[in-house]
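> sequence first, then the predicted structure:
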Amino acid sequence: MTALNEMLQSADWKSEKHVPVIEAPEKAGKGELFEVKVGVGKEISHPNKTEHHIRWIDLYFHPEGEKFPYQIGRAEFTAHGASAEGPDTSSIYTNHSAVFTFKTEKPGTIMAASYCNIHGLWQNSAELAVE
């Protein structure tokens, strides 16, 4: 049996269009709300068509010293040009980016995962300091 972590792919987002790009402050105020933007295809555009698209992005936070991460949220992208007329016949396309807002008392690791309907699961992470 293949473990989930064996299917998570990672690379430099500047050269791989599937990697979720995390835009977050390096430091956050203790207990103060801050925003994290996550998107796919920042440097190299990812297709957004019925046959090839990003389905969702999950965001997690793993506080330093804790056993498990917390899921901050999930953004699902469900409009990829399909309509009753067929693939790519609609003018409606969801962009694969989302903004999440949360607060924490501890430093830790922000983790994002994305799913491409053709190329599978991708991950990225960023460290967060708390003052």
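Arrived safely. Numbering: from 1, shown residues only.

> was I right to think residue 70 contacts residue 61?
Yes: with contact defined as Cβ atoms under 8 Å, residue 70 reaches residue 61; the gap is 5.3 Å. Where you see a C-beta, it was placed from the backbone N, CA and C, and this is true even at glycine.

> more crowded one of these two?
Neighbour count, other Cβ atoms under 10 Å: between residue 70 and residue 61, residue 61 has more, with 19 against 13.

> wasn't the more buried one part of a helix?
No: Residue 61 is assigned strand when assessed by DSSP: H, G, I helix; E, B strand; the rest coil, not a helix.

> what bridges to it?
Taking DSSP bridges as the rule, residue 61 bridges to residue 70, residue 110.

> again with residue 99
Going by DSSP bridges, residue 99 is paired in beta bridges with residue 37.

> centroid-nearest residue for the protein?
residue 57 (3.8 Å; Cα atoms, centre = their mean).

> how far off centre is whichever strand or helix holds it?
Element membership for residue 57, per DSSP states H and E: strand 54-63. Offset of strand 54-63 from its chain centre (Cα atoms, centre = their mean, to the nearest Å): 5 Å.

> so the residue nearest to the centre of the chain makes contact with residue 98?
Yes: using Cβ under 8 Å, residue 57 is in contact with residue 98, at 5.8 Å.
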